[in-house]
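# Predicted coordinates and the sequence they were generated for:
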Amino acid sequence: MDILTLFGLVIAVAGILGGQFLEGGEISVLLQTAAFLIVFGGTLGAVMVHHPMNVFVAGLKMAKWVLVTPKNDAQQLVYRLTAWGNASRKDGILSLESQIKTVNDPFVQKGLQLLVDGHSAEKVREVLEIDLNTYETLRWQSARVWDAAAGYSPTIGILGAVLGLVHVMQSLGEPAKLGAGIAVAFIATIYGVGFANLVFLPISGKLKILIQRDVTTREMVIDGLCMIANAENPHYIENKLKGYLG
């Protein structure tokens, strides 16, 4: 669980609601079902039109990364790659075959299998870089789902405000309804801007950081496996791979 994300959300919401309370406003005024449906439904629909199904679904699934960060133990990978390099120099590449089943990451498994099959460093890099490019492209496109939501949300909020004002204009003969109608109009704008800046953009930003972290780790794996294929000195492998660690 990402504690920083939870604290950030709590602080953001508390700051807005606290400011509303200190200004003498009621918190319940901010709870407008009609405004929420306009902004959330309109934004969701626009994002669905914007993206193909696989990218849209991947973007939704990746949102959980913001609270539950996927495991990425680059330090452990450096140790394992160094150990594999040492074992291959002592006992040959085929000695790594027993290590394939001990690895949970399909990407690393594929790389080890390529080594065991006797492929050169150039072939290993060629195959794994195709996998990496495919992985990276889909993940970046999926993260941009939230960028798109952040772009549409304020505009839909303005649309909700205009709809609210149209409703107000239709009720000019009933002054008692004017206040509530104007409130709904402005609340829609608040929802649009609030969702964009407190939810959608932060999710997109966090996902991009995590994607870049995973891409860097995979680049490190490719480099390490290629050095093993070239029978590089294990100390050289370790020192070079440590350069990937932040």
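Structure received.

# if I look at the closest residue to residue 245 other than its chain neighbours, how far off is residue 49?
Leaving aside its sequence neighbours, residue 245 sits nearest to residue 74 (CB to CB, 6 or more residues apart in numbering; 5.8 Å). All C-beta atoms are positioned from the backbone trio N, CA, C, and that covers glycine. Note on residue 74: its distance to residue 49, by CB to CB, to the nearest Å, is 38 Å.

# and if you look at residue 216?
Counting by CB to CB - residue 216 and residue 49 are separated by 33 Å.

# of the two, who's got more company?
Remark: of residue 216 and residue 49, residue 216 carries more neighbours, 15 against 10, as counted by other CB atoms under 10 Å.

# can you tell me the helix or strand for the more buried one?
Taking DSSP states H and E as the definition, one finds residue 216 inside helix 201-229.

# Buried ones in that helix, by neighbour count?
201-204, 206-208, 210-211, 214-215, 217-218, 220-229 (16 or more other CB atoms under 10 Å).

# Residue 157: neighbour count?
Neighbours around residue 157, by other CB under 10 Å: 26.

# what's near enough to touch residue 156?
Residues near residue 156 by CB atoms under 8 Å, 6 or more residues apart in numbering: 38, 39, 42, 43, 46, 192.

# hmm, try it at 7 Å
38, 39, 42, 43, 192 (CB atoms under 7 Å, 6 or more residues apart in numbering).

# Grab the nearest non-local neighbour of the first one.
Spelled out, that is residue 38. Per CB to CB, 6+ apart, closest to residue 38 is residue 160, 3.8 Å.

# do you know how far the one you found is from residue 167?
Distance from residue 160 to residue 167, by CB to CB: 11 Å.

# How about residue 95?
Relative to residue 167, and taking CB to CB, residue 95 is found at 75 Å.

# Nice, that's everything, thank you.
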